[in-house]
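Chemist: Provided below for reference: sequence and predicted model.
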Amino acid sequence: MSIFDAVIQGIVQGLTEFLPVSSSGHLTITQHILGVSDNNLFFNVMLHIGTLVAVCAFYYKLIFRLIKEFFKMIGDIFTGKFSWKNMSHDRRMIIMLIIGLLPLFLLFMPIPSTDLKIKDLADLFTADRFFIVVGISLLVTSVLLLAGNIKNNKMLCVGKHGKFQQGRTEMTVLDALTVGLVQCCAAIFPGLSRSGSTLSAGELRGINKQTAFDYTFVIAIPSIIAAALLELKDTLASPQGINIDLSVIIVGVVVAAVVGYLSIALFKWLLKTDKMYIFIIYTAIVGIAIIVISILEMTKGVNLFTGSPI
């Protein structure tokens, strides 16, 4: 892998990891078009580290507050001072993050009559013969973004100082579980954007868009760590192992971190200025195009880009 390849992959990872367009979907599309199925697992791990750095840098103040509040909460639990009714905003956020992560354990449940676990469906759906799944998932992403945007507009009110956003700023257990379940689905179906679907799920539950945005990206931290650890496990078990230059790794990580940080800032600005229609239109167009291509490929029995059988 060259430095140029590292830059390109770092840009793609940084952009698609956080913008509501699905990184897994775009990776699958790229591999389908180019006819490439293998990649460097360790480099993927390091790209995830880069995007982890990005979200931690963007939310460092909130993360420090949550860490501090977490240890304070543990102390209150052991001293009998913990109160569910009188939790602060940060403490409630911690509780809801924990609850929101619980559905991820469903990914490790075995599928009856097979040797697969639910999480293994993600690899299955990236195969050429399931390319249509990517198109449908992108279309679902567009619908979810549209529904969340409509809900947002309904919660807009006009006051003395112009428009302001209504909606709940405190999440409930049902809110967290809903977002967690949607995040599970995003982990299975390439094309279903994690950030877009979880944000929309929060908005549809009546949560203020800023609160839903913050929750979406903070809950991404343990999710990214988990994805990196799983890929690292596969790397260590792979005969290929760590077979890449250090300079390439450094460039990829730095590019993914910088682009990822800018992507979060861009996403936040587009959400604040009600320009989410850009992603709604984009995912709809790409989704429909992929569905049409998939139908043609199933009819012909070959990959239209590479000519290989599907």
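Modeler: That came in fine, so what should we check first? Residues are numbered from 1 along each chain as shown.

Chemist: so what's the gap between stretch 203-222 and the chain middle?
Modeler: 12 Å (Cα atoms, centre = their mean, to the nearest Å).

Chemist: measure that stretch end to end?
Modeler: 22 Å (Cα to Cα, to the nearest Å).

Chemist: give the buried residues for that stretch.
Modeler: By neighbour count on 16 or more other Cβ atoms under 10 Å, the buried set for stretch 203-222 is 203-205, 207-209, 211-221. To be clear about C-beta, it is placed using only N, CA and C from the backbone, and glycine gets the same treatment.

Chemist: need the helix or strand of this protein with the lowest average pLDDT.
Modeler: Within the chain, no helix or strand scores below strand 162-165, which has a mean of 55 by mean pLDDT, DSSP states H and E.

Chemist: what's downstream of that strand, the next helix or strand?
Modeler: Per DSSP states H and E, strand 162-165 leads on to helix 173-188 as the next helix or strand towards the C-terminus.

Chemist: average pLDDT for that following helix, rounded please.
Modeler: For helix 173-188, mean pLDDT is 94.

Chemist: buried stuff in it?
Modeler: For helix 173-188, burial by neighbour count (16+ other Cβ under 10 Å) applies to 175-176, 178-188.

Chemist: just stretch 19-36 next, same as before
Modeler: By neighbour count on 16+ other Cβ under 10 Å, the buried set for stretch 19-36 is 19-29, 32.

Chemist: and the contacts of that stretch?
Modeler: The contact list for stretch 19-36, computed with Cβ atoms under 8 Å, 6 or more residues apart in numbering, reads 12-13, 15-17, 37, 39, 122, 125-126, 128, 131, 134, 137-138, 141, 145, 186, 190-197, 199, 263, 266-267, 276, 279, 282-283, 286, 290, 303, 305-306, 308.

Chemist: quick check on those residues: which are buried?
Modeler: Neighbour counting by 16+ other Cβ under 10 Å classes 12-13, 15-17, 122, 125-126, 128, 131, 134, 137-138, 141, 145, 186, 190-197, 199, 263, 267, 276, 279, 282-283, 286, 290, 303 among the contacts of stretch 19-36 as buried.

Chemist: the strands in this structure, which residues?
Modeler: Applying DSSP state E to the chain gives strands spanning 156-159, 162-165.

Chemist: which ones are touching the closest residue to Leu144 other than its chain neighbours?
Modeler: The shortest distance from Leu144 to any non-neighbouring residue, by Cβ to Cβ, 6 or more residues apart in numbering, is to Ser200 (4.1 Å). Applying Cβ under 8 Å, 6+ apart, we find Ser200 in contact with 144-145, 147-148.

Chemist: farthest pair in the residues you listed?
Modeler: Leu145 and Ala147 (7.4 Å; Cβ to Cβ).

Chemist: one step back: need the contacts of Ser200 in a markdown table (columns: pLDDT and distance to Gly75).
Modeler: A markdown table is the format used below for these (pLDDT from 0 to 100; distance: Cβ to Cβ, whole Å):
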| residue | pLDDT | distance to Gly75 |
| --- | --- | --- |
| Leu144 | 96 | 39 |
| Leu145 | 96 | 41 |
| Ala147 | 95 | 41 |
| Gly148 | 92 | 38 |
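
Chemist: what's the PyMOL syntax to select whichever of those are buried?
Modeler: A single PyMOL command suffices to select whichever of those are buried according to 16+ other Cβ under 10 Å:
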select buried, resi 144+145+148
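
Chemist: which member of the contacts of Ser200 is positioned nearest His89?
Modeler: Set against His89, the nearest of the contacts of Ser200 by Cβ to Cβ is Gly148 (22.2 Å).

Chemist: contact partners for the closest one?
Modeler: Taking Cβ under 8 Å, 6+ apart as the contact definition, Gly148 lies against 199-204, 276.

Chemist: picking up where we left off before, of the contacts of stretch 19-36, which belong to helices?
Modeler: The helices, defined by DSSP state H, take in 12-13, 15-17, 122, 131, 134, 137-138, 141, 145, 186, 194-197, 199, 263, 266-267, 279, 282-283, 286, 290 from the contacts of stretch 19-36.

Chemist: got any ranges where the protein has weak pLDDT?
Modeler: 1, 36-41, 156-166, 235, 238-243 (pLDDT under 70).

Chemist: and the gap between the residue most central in space within it and Ile95?
Modeler: Most central in the chain under Cα atoms, centre = their mean is Arg194, positioned 3.0 Å from the mean C-alpha point. Remark: distance between Arg194 and Ile95 (Cβ to Cβ, to the nearest Å) = 21 Å.
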